[in-house]
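> Take this sequence and fold it.
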Amino acid sequence: MERRHITLPLTEELAHTLHAGDQVLLTGTIYTSRDAGHARMCETLAKGEKLPFDPADATIYYVGPTPAKPGQVIGSAGPTTSGRMDAYAPTLMSVGARGMIGKGARLPEVVEAMKKYSGVYFGAIGGAGALLARCIKKAELIAYEDLGAEALRKLYVEDMPLVVIIDSEGNNLYETGRENYRKASAAL
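Okay, the predicted model is just below:
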């Protein structure tokens, strides 16, 4: 396991250098969306229309930030449970989106899509929304304003602390971590 400074976009080549368990400080442009936004993006694609951003090598943060207080770029911005996006993630990966940031486990179908499209799932610390918001230096509403907190936003982040949970080969820290813990416990 390694601590890495990563600058986006998340190209296929960069994705292949990341491994489950790597600690990452992420810098660059990311997009926000939760389940309502994901549903709308998939509906847009199903109609043969373009998304409101270029999905190629994009990273999507599963977050519904709170409104910014005066003088702030954004309000609290903690991760949403990723499983809510599992029905949509393979479709977005099929059009080029590669990175996902959230919390919690993913379905096998999502892991298979990650292997097929060289995707990476980063874990953010739940309950640390105010701390994570400090990493967000710019925030711009770009689409779906009617969805409120679930609107599509473009963020610029600097040194956002994340962990690679599932890498592009399907290695899953949630599984390997449990196994390593069992082995260590058995050795005591």
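> so residue 25 makes contact with residue 4?
Yes - counting by CB atoms under 8 Å, residue 4 is a contact partner of residue 25 at 7.2 Å. Backbone N, C-alpha and C define where each C-beta goes, glycine included.
> secondary structure element for the most centrally placed residue in the chain?
When CA atoms, centre = their mean is applied to the chain, the residue found nearest the centroid is residue 101 (1.8 Å). Element membership for residue 101 (DSSP states H and E) is strand 99-102.
> May I have the secondary structure class of the closest residue to residue 176 other than its chain neighbours?
In this structure, residue 176 finds its nearest non-sequential neighbour in residue 20, 6.3 Å apart by CB to CB, 6 or more residues apart in numbering. Assigned by DSSP: H, G, I helix; E, B strand; the rest coil, the conformation of residue 20 is coil.
> and what of residue 45?
Under three-state DSSP, residue 45 falls in the helix class.
> tell me the contacts of it?
Shown in contact with residue 45 (CB atoms under 8 Å, 6 or more residues apart in numbering): 51, 91, 95.
> so the first one makes contact with residue 43?
No - in this structure residue 51 lies outside contact range of residue 43 using CB under 8 Å: 10.8 Å.
> residues contacting the residue nearest to the centre of the chain?
Residue 101 makes contact with 26, 30, 59-63, 79, 121-124, 160, 162, according to CB under 8 Å, 6+ apart.
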